[in-house]
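Enquirer: Predicted model follows, preceded by the sequence.
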Amino acid sequence: MFSDSYKTIRVRQTNDKGYITIKGASIGISRPEFEYEIPMQDAEVLLNKFSISELIKVRYKILFKNKIWEVDEFLGENIGLIVAEIELENEDEQFEMPDWIANEVTGIQKYYNSILATFPYSKWKK
């Protein structure tokens with residue numbers, strides 16, 4: 001992962017695919033995002049030779065009220081943290097919050113993957 005105030009560039013692997021994602025700076029609660037599938041071998045090289053930080057997590061996709069929630073269960077130095085997010089068509093789109101969401105953390109930077117990679121959950125004061 002590489003991140004500065006203007007962008008985050010992330011390479012990730014699933015069991016059988018590689019991806020590169022580029023996210024722009026946040027404007028309100030939205031940000032531009034581009035994701036492309038790349039060969040698994042390329043993902044491995046990029047992660048092993050060019051990555052400056054790492055996050056380990058398992059992602060679950062849960063359908064709730066016709067919306068897909070992506071729920072990330074963090075491992076490694078972020079073990080114990082679970083974060084859910086939903087992709088909306090626009091910032092004003094209405095949706096129902098599942099009762100298994102404990103706190104709204106949109107816009108709280110310590111929950112950003114780019115921050116968790118360098119300042120993990122295990123180092124937060126409890």
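Expert: Yep, it's here.
Enquirer: Pop out the phi and psi values for the residue nearest the centre of the chain.
Expert: The residue lying closest to the centre of the chain (Cα atoms, centre = their mean) is N113, at 5.1 Å. When quoted as degrees, to the nearest 10, the phi and psi of N113 stand at phi -60, psi -40.
Enquirer: That one contacts T8, correct?
Expert: Yes - counting by Cβ atoms under 8 Å, T8 is a contact partner of N113 at 7.4 Å. Where C-beta positions appear, they are placed from N, C-alpha and C, glycine not excepted.
Enquirer: what about the closest residue in space to K65 that isn't next to it in sequence, how many residues close to it?
Expert: Nearest non-adjacent residue to K65, counting by Cβ to Cβ, 6 or more residues apart in numbering: E96, 4.8 Å away. Neighbour count for E96, taken as other Cβ atoms under 10 Å: 9.
Enquirer: how much space between E96 and I56?
Expert: Per Cβ to Cβ, to the nearest Å, E96 is found 31 Å from I56.
Enquirer: ditto for Y112
Expert: 16 Å.
Enquirer: cool, G107 as well?
Expert: 24 Å.
Enquirer: And for Q13?
Expert: The separation that Q13 has from I56, given Cβ to Cβ, amounts to 11 Å.
Enquirer: cool, L116 as well?
Expert: Where I56 is concerned, L116 sits at a distance of 10 Å (Cβ to Cβ).
Enquirer: So I86 sits against K65, correct?
Expert: No - here I86 does not reach K65: they are 10.0 Å apart, not a contact under Cβ under 8 Å.
Enquirer: what about the two, which has more around it?
Expert: Taking other Cβ under 10 Å, I86 and K65 do not tie; I86 has more neighbours (17 against 10).
Enquirer: and this structure, what are its domains?
Expert: Per the record, the chain has its domains at 1-52, 54-126, by automatic domain parsing.
Enquirer: And the last one, end to end?
Expert: End-to-end distance of domain 54-126: 23 Å, with Cα to Cα, to the nearest Å as the criterion.
Enquirer: And that domain, how far out from the chain middle?
Expert: Remark: domain 54-126 is offset 7 Å from the chain centroid, using Cα atoms, centre = their mean, to the nearest Å.
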